[in-house]
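Q: pasted the sequence and its predicted model underneath.
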Amino acid sequence: MSSMFMHARPWRASQEKRKFAMPPVPKPKRTRRPNFLRQWRKHRGLTLATVGAEIGMDGTNLGRIEKGEVPYSQDLLEILAELYSCEVSDLLIRDPTDATGIWSIWERAKPAEREQIVRIAEALVPPQNPDGGPTKPHDAQSPTQSQRKQAKNRTVKAS
């Protein structure tokens with residue numbers, strides 16, 4: 001083969017690949033978990049423009065972050081938490097407008113009432129094992145399902 005013909009082959013091969021190549025697949029739009037940034041801002045009686053000016057960000061961009069269209073940063077969450085007088089985690093998991101939410105009730109409770117809330121919650125919610133699963137109290141008079149199976153297997157083997 002001539003050297004001229006050898007150089008042409010790679011070009012032709014790449015042209016052939018383009019004809020049969022799969023079209024690019026668009027990335028699915030990422031859905032972000034909901035947050036409570038907007039609720040906290042409104043709960044504190046602030047506008048997008050006011051908060052934007054305070055933190056050095058355009059109100060429109062802040063609105064897009066609140067809607068989940070644009071990702072937030074840890075730095076932004078810390079600045080907003082300080083501005084809204086709450087914890088960073090509150091901005092992500094707690095709706096300040098939910099008056100019946102456990103954290104809203106907790107905030108309204110006095111120290112003695114908080115102690116009582118903790119005692120009631122501990123009585124209602126079973127403790128967890130070290131592995132993270134709930135503990136299951138076993139009644140000494142009623143065998144567990146696994147104990148019944150073991151006894152049944154012993155009976156079958158003895159026959």
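A: Structure received.
Q: can you name every helix or strand that the helix or strand containing residue 38 contacts?
A: Assigned by DSSP states H and E, residue 38 belongs to helix 37-43. Packing partners of helix 37-43 (3 or more CB pairs under 8 Å, 6 or more residues apart in numbering; DSSP states H and E): helix 59-67, helix 74-84, helix 88-93. (Glycine included, C-beta is placed from N, CA and C.)
Q: rerun that using 7 Å as the cut-off
A: Using 3 or more CB pairs under 7 Å, 6 or more residues apart in numbering; DSSP states H and E as the contact test, the elements touching helix 37-43 are helix 59-67, helix 74-84.
Q: residues contacting the first one, please?
A: By CB atoms under 7 Å, 6 or more residues apart in numbering, the surrounding residues in contact with helix 59-67 are 37-38, 48-49, 51-52, 70, 72.
Q: after the helix holding residue 38, which helix or strand is next?
A: Following helix 37-43 in sequence order, the next helix or strand is helix 48-55 (DSSP H and E).
Q: give the rounded mean pLDDT of the helix or strand hosting residue 115.
A: Residue 115 belongs to helix 111-124 when assigned by DSSP H and E. What helix 111-124 shows for mean pLDDT is 94.
Q: can you point out the buried residues in that helix?
A: The neighbour-count check on helix 111-124 (16 or more other CB atoms under 10 Å) flags nothing as buried.
Q: ditto for stretch 48-55
A: Counting neighbours by 16+ other CB under 10 Å, one finds that the buried residues in stretch 48-55 are 48, 51-52.
Q: and the residues you listed, which is closest to residue 99?
A: Nearest to residue 99, judged by CB to CB, of the buried residues of stretch 48-55 is residue 51 at 23.4 Å.
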